[in-house]
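A.B. asks: Okay, here's the prediction I keep looking at, along with the sequence it came from:
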Amino acid sequence: KQEVTQIPAALSVPEGENLVLNCSFTDSAIYNLQWFRQDPGKGLTSLLLIQSSQREQTSGRLNASLDKSSGRSTLYIAASQPGDSATYLCAAGVGIQGAQKLVFGQGTRLTINP
Amino acid sequence: EAEVAQSPRYKITEKSQAVAFWCDPISGHATLYWYRQILGQGPELLVQFQDESVVDDSQLPKDRFSAERLKGVDSTLKIQPAELGDSAMYLCASSQVKGAGGANVLTFGAGSRLTVL
């Protein structure tokens, strides 16, 4: 059974810093690894998707990497801004009965202080 | 921009009552997911549909929860009777991808927050 873990559970940094969020998964048989953002009381917004054959994906100030062999992914946020404050969730895409489902970590709650 | 619609946004009910949530996925999306998210935790998959068929409902408490997606479009998740431990955010998501492979990008709705008193 796939298990996804995110460390730390919460992170607080000053504005302008670069930061890294960590995600680990127990089973390397994944189709993809995805990162989402969730604002308080809201749904999830997809940020980046890394296919199992890829090593990284970039979108603006965000860069996500994937190392399947070690069961790890990182989300790098450059030049953090107060608007980046949110909970960040990673999820592993795994196969089930001819389909694909996402298994989520518990999230990292990020606070960027002005 | 196309959205996943969910209703109601908020529901307060007493334990032992019945509750229903509705989800309308993005038009043309074959796969629909219901997730439950307890405060401070990550979402947990309750049920996944591909068109009108259930692909996975292994984590759905079938003694009290039911889900249907008639005609393979919108979907309803029902809880009867509700228990205190059911208080959570119920998230619906949809994706275009059928089958196991591919870049399965999910679009989530805003969620339905349930409080059971």
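C.D. replies: Looks like it came in fine.
A.B. asks: Show me what from chain A comes close to chain B.
C.D. replies: Within chain A, the residues that sit near chain B (Cβ under 8 Å from any Cβ of the partner chain) are A:4, A:6, A:31-32, A:34, A:36, A:41-46, A:49, A:51, A:89, A:91, A:93, A:95-107. Heads up, the C-betas are built off the backbone N, CA and C, glycines and all.
A.B. asks: Buried members of those residues into ChimeraX, please.
C.D. replies: In ChimeraX, a selection of the buried entries from these looks like this (16 or more other Cβ atoms under 10 Å in any protein chain shown):
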select /A:4,6,31,32,34,36,42,43,44,46,49,51,89,91,93,99,100,101,102,103,104,105,106,107
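A.B. asks: Bridged to the residue most central in space within chain B, which residues?
C.D. replies: By Cα atoms, centre = their mean, chain B has its centre lying nearest to B:Trp34, at 2.5 Å. Per DSSP bridges, the residues bridged to B:Trp34 are B:Val47, B:Cys92.
A.B. asks: How about A:Tyr88?
C.D. replies: Those that pair with A:Tyr88 in a beta bridge, by DSSP bridges, are A:Arg37, A:Thr108.
A.B. asks: Show the pLDDT at it.
C.D. replies: A:Tyr88 is assigned 98 on the pLDDT scale.
A.B. asks: Could you list the low-pLDDT ranges of chain B?
C.D. replies: Counting by pLDDT under 70, the ranges of chain B that qualify are B:99-103.
A.B. asks: just the helices in it please.
C.D. replies: Along chain B, no stretch is classed among the helices by DSSP state H.
A.B. asks: interface residues of chain B facing chain A?
C.D. replies: Taking Cβ under 8 Å from any Cβ, the part of chain B that reaches chain A is made up of B:4, B:31, B:33, B:35, B:40-45, B:48, B:50, B:55-56, B:89, B:91, B:93, B:97-111, B:113.
A.B. asks: still on that earlier bit, I figured the residue nearest to the centre of chain B hits B:Phe65, correct?
C.D. replies: No. Between B:Trp34 and B:Phe65 there is no contact under Cβ atoms under 8 Å: 9.1 Å.
A.B. asks: list the contacts for the residue nearest to the centre of chain B?
C.D. replies: B:Phe21, B:Cys23, B:Leu45, B:Leu46, B:Val47, B:Gln48, B:Ala67, B:Ser75, B:Leu77, B:Tyr90, B:Leu91, B:Cys92 (Cβ atoms under 8 Å, 6 or more residues apart in numbering or on different chains).
A.B. asks: Can you tell me which of the residues of chain B next to chain A are buried?
C.D. replies: B:4, B:31, B:33, B:35, B:42-43, B:45, B:48, B:50, B:55-56, B:89, B:91, B:93, B:97-98, B:100, B:103-104, B:106-111, B:113.
A.B. asks: hmm, back to that, of the contacts of B:Trp34 - the most surrounded one?
C.D. replies: Within the contacts of B:Trp34, B:Leu91 tops the neighbour count with 29 neighbours, counted by other Cβ atoms under 10 Å in any protein chain shown.
A.B. asks: State the distance from that one to B:Gly85.
C.D. replies: Between B:Leu91 and B:Gly85 the computed distance is 17 Å (Cβ to Cβ, to the nearest Å).
A.B. asks: cool, A:Asp39 as well?
C.D. replies: Going from A:Asp39 to B:Gly85 by Cβ to Cβ gives 25 Å.
A.B. asks: And B:Val55, by the same measure?
C.D. replies: Taking Cβ to Cβ as the measure, B:Val55 falls 25 Å from B:Gly85.
A.B. asks: A:Val94 now?
C.D. replies: From A:Val94 to B:Gly85 the distance is 26 Å (Cβ to Cβ).
A.B. asks: Please apply the same query to A:Asn32.
C.D. replies: A:Asn32 sits 32 Å away from B:Gly85, taking Cβ to Cβ as the criterion.
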